[in-house]
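> pasting the sequence and the predicted model now:
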Amino acid sequence: MALNKVEICGVNTAKLPLLSEQEKEALFVRIKQGDKDAREEYIKGNLRLVLSVIKRFSSSNENADDLFQVGCVGLMKAVDNFEPDRLVKFSTYAVPMIIGEVRRYLRDNNSIRVSRSLRDTAYRAIYAKEAYVKMNMKEPTVEEIAQEIGISKEDIVFAMDAIQSPMSLYEPIYSDGGDTLYVMDQVSDKKNKEENWVEELSLEAAMNRLGERERHIIQMRFFEGKTQVEVAKEIQISQAQVSRLEKNALLIMRQYLTGK
């Protein structure tokens, strides 16, 4: 995917406008009053956000124009839903929405064209995982699978995502006495280093809305890659309690980031 070209969707990326904070504030006052010209100017002034986001998807081999258009949809949704009095920068609010639109687009189109090399990588990872479980009686990390088959962690994750049908993280896989275990409760990935600085700002702002215990649980679950069972043992509460606290924390963060 070539991102160094000047024209993307007819937009001269070398001449994208930059808005000062004062200009942004003034435009948003007009936007809230229904000024369509102000909305268009504000969107144009933030197109660099879209470019910064789609760069991280360069390995997807998708057309830059397509990703840019999809990212612009996320940007427009952010403009229409942003509330300036939330005391968070627009970029902090907008980037997760842009990323979400791009990821949905890639997920919806993945099943149409999965290359032979991607399938081979995914199947090698699956076989390596099964062999590891039989030998060690525990699930391997992505890093351990990568070391075993000599393929980078990023390529393995991308290949596995490409071959499977989308599944909700909230799909139940086990229930005992009313406490349901969901797919997301079993997801574990050690020290993912791929998040860029804008996402980190968004997450940090959202996590500051949480209480100390909820923030600690989110930190262990999604930044340290621990399962709910591991978290429960460390802070000495039940897995069901961890699950409830985690879901409440995610709800608070989601409401803060999306304004819904």
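That came through, no problem. Numbers count the residues shown, from 1 in each chain.

> check which helix or strand residue 139 maps to.
Counting by DSSP states H and E, there is no helix or strand that carries residue 139.

> pretty sure it sits against residue 145.
No. The pair residue 139 / residue 145 is not scored as a contact, 9.9 Å apart, by C-beta atoms under 8 Å. From N, CA and C alone the C-beta is placed, and that goes for glycine too.

> shared neighbours, the two?
129, 132 (C-beta atoms under 8 Å, 6 or more residues apart in numbering).

> the more surrounded of those two?
residue 145 (23 against 13; other C-beta atoms under 10 Å).

> tell me which element the more buried one is part of?
helix 142-149.

> helices or strands up against the helix or strand just after that helix?
Once helix 142-149 ends, the next helix or strand along the chain (criterion: DSSP H and E) is helix 153-163. With contacts defined as 3 or more C-beta pairs under 8 Å, 6 or more residues apart in numbering; DSSP states H and E, the packing partners of helix 153-163 are helix 90-110, helix 116-136, helix 142-149.

> could you check how far the residue sitting furthest away from the middle of the chain is from residue 144?
Ranking residues of the chain by C-alpha distance from their mean position (C-alpha atoms, centre = their mean) puts residue 135 at the top, at 33.1 Å. When C-beta to C-beta, to the nearest Å is the yardstick, residue 135 and residue 144 sit 11 Å from each other.

> likewise for residue 50?
Per C-beta to C-beta, residue 50 is found 36 Å from residue 144.

> one more: residue 252?
Residue 252 sits 34 Å away from residue 144, going by C-beta to C-beta.

> repeat that for residue 51.
For residue 51, the distance to residue 144 - C-beta to C-beta - is 36 Å.

> still on that earlier bit, just the buried residues of the helix holding residue 145, please?
Residues of helix 142-149 classed as buried: 142, 145-146, 148 (neighbour count, 16 or more other C-beta atoms under 10 Å).

> residue 26: which of those residues is nearest?
For those, the minimum distance to residue 26 (C-beta to C-beta) is 46.8 Å, reached by residue 142.

> so what's that closest one closest to, chain neighbours aside?
residue 153 (4.9 Å; C-beta to C-beta, 6 or more residues apart in numbering).

> quick one: neighbours of the one you found, just the number.
Using other C-beta under 10 Å, residue 153 has 19 other residues around it.

> looks like it contacts residue 143 (just checking).
Yes. Counting by C-beta under 8 Å, residue 143 is a contact partner of residue 153 at 5.9 Å.

> low pLDDT regions in the stretch 151-260 of the chain?
In the predicted model of the stretch 151-260 of the chain, residues 162-203, 258-260 satisfy pLDDT under 70.

> where do the strands sit along it?
172-176, 179-182 (DSSP state E, counting those that start in this stretch).

> run the chain-centre distance for stretch 229-243.
Chain-centre distance of stretch 229-243: 25 Å, with C-alpha atoms, centre = their mean, to the nearest Å.

> please, where are all the helices along the stretch 151-260 of the chain?
153-163, 197-207, 212-218, 228-235, 239-258 (DSSP state H, counting those that start in this stretch).

> now the first one and helix 116-136, what's the angle there?
Angle of helix 153-163 versus helix 116-136, following axes from the mean of the first three to the mean of the last three C-alpha atoms, to 10 degrees, is 110 degrees.

> how about the CA coordinates for helix 153-163, as CSV?
The C-alpha trace of helix 153-163 is given here as CSV (Å, rounded to 0.1, in the frame of the first residue of the first chain):
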residue,chain,number,x,y,z
LYS,A,153,4.2,-12.6,15.9
GLU,A,154,2.6,-9.9,13.8
ASP,A,155,2.4,-12.2,10.7
ILE,A,156,0.9,-15.0,12.8
VAL,A,157,-1.8,-12.8,14.3
PHE,A,158,-2.7,-11.4,10.9
ALA,A,159,-2.9,-14.8,9.3
MET,A,160,-5.1,-16.3,12.1
ASP,A,161,-7.4,-13.3,11.9
ALA,A,162,-7.7,-13.7,8.1
ILE,A,163,-8.8,-17.4,8.1
